[in-house]
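Q: sequence first, then the predicted structure:
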Amino acid sequence: GENWGEKRHIFCYGECASTSPSFSPSKSPSFSPSKRPTPVPTEAPIRSGTGTTFCNATAAERIFRLELTYEDASRTSWKLNEFDITSETFVDFEDSGDSVQRTQRICVPPGTYEIIISDSSATGMGGGSYAGFLFGNELVFESDSNGENWGEKRHIFCYGECASTSPSLFPSSPLTELPSTLPSVSPSTEPTPLPSVSPSSQPSPSPSDIPSNEPSHRPSLNPSQIPSLDPSVEPTPSPTQIIELPLPGGQQDAEIDDELNVPSCSTASSSCSTGGLVAGRGKLGPEEGPEQNVPNSLDGCTDSDAGNYNISESIEAITVSSKTPGNMREGDSVTVTATVICWYTGANDTADFYYTTIVGQNLVQWVFIDSVDCSGVGSVGKKQQLSVTYSLPKGRRHAVRVNFSYRVGDRVESSSCVESTGENQFYNDVDDLVFAVEENTEELLI
């Protein structure tokens, strides 16, 4: 019912003109000007305190526009991952009765972006709203209209060179710091410069051509079949003693314990690993399904279902391994390693490590080991290994817990279990691993 003096409309069929600007300039100029003006105006430049700033066309920058309507400016804030933003910004304010309308324009180069909108009062901006646009009026995200109360919202958008959640076909350059989780399709053409960290699972079919530079750490299990050609240069200082060493159990893959409902290694070994039993988080898991045997916790601590698999935080595997040869036993020093997926830079992601010798549902008393931050990742879906070391106390059955979560606001302290429901979503994943150790008849200091 508004009063107006003129209206204009555009329509077409067949070869219609594009309503979006091209990502890069044409290779050669046109021979004649266009027959009609473009149906929509070009994007407005960004204004600064000293004049007008245009986005860098050579870098294929585009204007991203954020529009917000809220009650109290002191409670509302927002942040775009500024690590790849270099342009100036300009903010327009307009007070409208009891609410504030704000528009922010930023020049952004091609890439993947995360925006975080926060309300310190956790009232969902007091019933306000927000929306993000690219290329003028192309909507990339907006607020829900269900009236829920919330304290933080996160959105992902991209254009041009968007981050991929699948592995690349060719190796990155330079090489990544951590090894890949899957073997290569074809063998390498040249030998590795350093020996492997762990021994091979099977003996070599023939002896090596060159003797090793140093003696082995433990005697061979059986005498050599052929005597040495020459006697030793010097006699041994004392008679040879027979040393009985336990056979190493090697790495043991855990299986789901039907009584405890968590991954478990039932016999002592040199290391115990969940493998892929805990991959994913809650309802988010590989192959568009949930995590296996969710939540994989002894005391019923649950996971958050927020986010997307292979982008948001999750624990993919847990491994406990002895730092000394042989099976793990009481008093030994062991390393707990969690393979995790961090959110972007990982600056707000932390893993809390715990252990216990009281293994039973709803009877667990967790003992804190340490917390490790997931920092410096810098890409979506990048796996990282976080590790801590501790000494095994008395007890033949042990368990470790990793609680991996997003730390923001008041959620900064370590915890063995985080309640993450409703408006308090911390993107947390908790997983346990039960393992057996050998008895140590010597007196322990712990």
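A: Thanks, I have it.

Q: is the residue nearest to Ala73 when sequence neighbours are not counted bridged to anything, and to what?
A: Take Ala73 and drop its neighbours on the chain: the residue closest to it by CB to CB, 6 or more residues apart in numbering is Val100, 5.5 Å away. C-beta here means a position set from N, CA and C on the backbone, and glycine is covered the same way. Under the criterion DSSP bridges, Val100 forms beta bridges with Tyr70, Asp95.

Q: next one: the one 5 residues further on
A: Counting by DSSP bridges, Arg105 forms beta bridges with Arg65, Phe90.

Q: ok, it to Leu134 distance?
A: Using CB to CB, to the nearest Å, Arg105 is found at 11 Å from Leu134.

Q: mutual contacts of these two, please.
A: Common contacts of Arg105 and Leu134 (CB atoms under 8 Å, 6 or more residues apart in numbering): Ile63, Phe64, Arg65.

Q: out of these, which is most surrounded?
A: Within those, Phe64 tops the neighbour count with 23 neighbours, counted by other CB atoms under 10 Å.

Q: check contacts around it.
A: Listed by CB under 8 Å, 6+ apart, the contact set of Phe64 reads Leu80, Arg105, Ile106, Cys107, Val108, Tyr113, Gly132, Phe133, Leu134.

Q: same deal with Ser129?
A: Ser129 makes contacts with Leu68, Thr69, Glu142, Ser143, Ser145, as judged by CB under 8 Å, 6+ apart.

Q: what's opposite the residue nearest to the last one when sequence neighbours are not counted in the beta bridge?
A: By that I understand Ser145. Using CB to CB, 6+ apart and skipping the chain neighbours, the partner closest in space to Ser145 is Ser129 (7.6 Å). In this entry, Ser129 is beta-bridged to Thr69, by DSSP bridges.

Q: Phe426 in helix, strand or coil?
A: coil (DSSP: H, G, I helix; E, B strand; the rest coil).

Q: that one and Val418: what is the separation?
A: In this view, Phe426 and Val418 are 5 Å apart by CB to CB.

Q: and the residue nearest to Ser145, how far is that from Phe368?
A: Taken as CB to CB, the span from Ser129 to Phe368 is 42 Å.

Q: quick check: Ser391 touching Arg329?
A: No. Using CB atoms under 8 Å, Ser391 makes no contact with Arg329, being 11.1 Å away.

Q: settle it for me: which of those two has more neighbours?
A: Between Ser391 and Arg329, counted using other CB under 10 Å, the more crowded position is Arg329 (19 against 14).

Q: what's the neighbour count on the residue nearest to that one when sequence neighbours are not counted?
A: Nearest residue to Arg329, sequence neighbours excluded (CB to CB, 6+ apart): Glu438, at 3.8 Å. Residues lying near Glu438 (other CB under 10 Å) number 18.

Q: ok, now which ones touch Glu438?
A: Remark: with contacts taken as CB under 8 Å, 6+ apart, Glu438 is in contact with Pro246, Ala268, Asn327, Met328, Arg329, Glu330, Arg396.

Q: out of those, who's nearest Asn261?
A: If you rank the contacts of Glu438 by distance to Asn261 using CB to CB, Arg396 comes first, at 20.5 Å.

Q: just the pLDDT for the closest one.
A: Among the per-residue scores, Arg396 holds a pLDDT of 91.

Q: that one touches Val437, doesn't it?
A: Yes. Using CB under 8 Å, Arg396 is in contact with Val437, at 6.2 Å.

Q: quick check: neighbours shared by these two?
A: Contact criterion CB under 8 Å, 6+ apart; residues shared by Arg396 and Val437: Glu330.

Q: for these two, indicate the residue with more neighbours.
A: Higher neighbour count among Arg396 and Val437: Val437, with 26 against 13, using other CB under 10 Å.

Q: my read is that that one contacts Pro393, right?
A: No. Val437 is not in contact with Pro393 according to CB under 8 Å; the separation is 9.7 Å.
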